[in-house]
Structure formats: structure tokens, C-alpha cells
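Q: just need the structure, nothing else, for what follows:
(one chain, ligands or ions: 1)
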Amino acid sequence: MADFTLFFNPMSRALIGKWALEEAGASYDIFPVEWDNKPAELFAANPLGKVPALLHHRPEGDLAVSECAAICHYVADASAPSLLPTDAEKADYFRMMFFAAGPLEAAVSNKAAGWVPDGERGEMTIGYGSFERASAMLDGWFAERDYVCGERFTMADVYVGSQVDWGLRFGTVPAGANLEAYAAKLRERPAYATSLGAIPD
Ligand SMILES: N[C@@H](CCC(=O)N[C@@H](CS)C(=O)NCC(=O)O)C(=O)O
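A: Below you'll find the model as predicted:
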């Protein structure tokens, strides 16, 4: 049996979980999920009924992880310590993982849904301020760095990079030289290509 099972639909954020597993060189099985016929096993792993959800098969029993950012970090911790941050990289790594999973994701989703914070007070209280402030932070980060933690690829790049890659593809983050250069580096990675390809045997 593989070490992990990934609940997966190819037209979804589950691709992020697959990319994380590929980068880690982890052994995993795919549990296909159809939107109109979700399996009970998915709800047992993630009561939200969303993908990705991951099972880690351990001798003591299975552990379930959901949320893309958590899955990315968990997989690196369990299977690929070289993709974890060094002590000197931890500030950048965690800051950008949480920024991307919280403020950035909310800013992009709210904008896509046509909702904007209401006026100056709205901006002060909503966690990302405004879409413009959140996207300027993202762009500025990669003006000064090749990867989230500087010169070296870490698991944070799978998650933050997916937000950038998808954002550029779907036009939900502003295109610009910094983000384009970052996404181009990520798209060259073999594990990125594999994650978009066939489901493993
Ligand atoms: N916050 C979650 C979002 C997961 C999510 O929204 N997944 C979507 C596909 S991209 C899904 O499973 N949708 C099916 C549904 O909600 O019924 C994460 O980051 O993992």
C-alpha cells in the first residue's frame, strides 16, 4: 500500500496536493472524486467534502489532512525534509504560506465574486485590506526573490506558486514581470509537469 491516498479531481485545487506529493517523491494512490457523487470516504477525511484531502496511512491508523497549504507542509514534513525551511527561512516560509492561504485567497475569491471591502473602514477591518494591497504585496515579494524563501525552492513554492500560476492563467492576479518570471521557473519543474499529467499506477 502507498503511504498516502489523495482525494482528487483533475479540475480542482487537488492538483496542488498532487504537485506536493510529486515534489516530495512520496508514494500515493489517487481516490477519484466526482462532484455529483462524492464518496463517504471523502466526508470522513474532510467534513467540508472538498478536495484535496489526504490520508496518511500509518501503522497506528490513518491520519487525515485537508486544506492545500496544510497538505503541502504536512507532506514535506513527513516525506521530504529538504523541502522544509531552514531556521533562517522559516519567517519567509510561514509568512507567505499563511498570507497566500488567508488574505490572498480571500482577496482573489472576493474580487471574483464581485465583492469589495466597503470604503476606508472596510479596508481597515478586512484582513487583506484591498485586492490592490494584497496583489502588490505578492508582486513585491517576487521583485526581490527567486522563490518564497529567496534563492531556494521549498514546499511553500508549491502552495504560493500555485496561487500565482493559477492566478496568471485565469487572470485573477495582475500579470507582471515579477510574477511571470516566478511562474515560469515553477512550470519548468518536472514534478509540476507530472502533477498535471496522468494519474500514477
Ligand atoms: N480551502 C480549501 C479549498 C478547497 C476547495 O474549494 N476545493 C474545491 C475544488 S477547487 C472543491 O472541492 N469543490 C467541491 C465542493 O465544494 O463541492 C483548500 O485550500 O484546500
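Q: find the residue at the geometric middle of the protein.
A: Centroid-nearest residue in the chain: Tyr159, 2.8 Å away (criterion: C-alpha atoms, centre = their mean).
Q: would you map the helices across the protein?
A: For the chain, the helices defined by DSSP state H occupy 14-24, 40-45, 68-79, 90-99, 105-112, 119-125, 131-144, 155-170, 177-187, 190-196.
Q: select, out of the ones you listed, the one closest to Asp62.
A: Closest approach to Asp62 among these (C-beta to C-beta): helix 40-45, 8.3 Å. To be clear about C-beta, it is placed using only N, CA and C from the backbone, and glycine gets the same treatment.
Q: what's the pLDDT at Glu22?
A: With respect to pLDDT, Glu22 scores 98.
Q: burial measure for it, as a count.
A: Number of residues near Glu22 (other C-beta atoms under 10 Å) recorded here: 22.
Q: so who does the residue nearest to it when sequence neighbours are not counted touch?
A: In space, and not counting its chain neighbours, Glu22 is closest to Ala191: 3.8 Å by C-beta to C-beta, 6 or more residues apart in numbering. If you count contacts by C-beta atoms under 8 Å, 6 or more residues apart in numbering, Ala191 has them with Trp19, Glu22, Glu23.
Q: excluding chain neighbours, what is closest to Gly140?
A: Distances taken as C-beta to C-beta, 6+ apart put Asn178 closest to Gly140, at 7.7 Å, once the chain neighbours are dropped.
Q: mind listing what that neighbour touches?
A: By C-beta under 8 Å, 6+ apart, the neighbours of Asn178 are Asp139, Gly140, Phe142, Ala143.
Q: mind checking how far the second one is from the ligand?
A: I take that to be Gly140. Going from Gly140 to the ligand by C-beta to the nearest ligand atom, to the nearest Å gives 23 Å.
Q: can you report how many residues lie near that residue?
A: For Gly140, the count of nearby residues is 11 (other C-beta under 10 Å).
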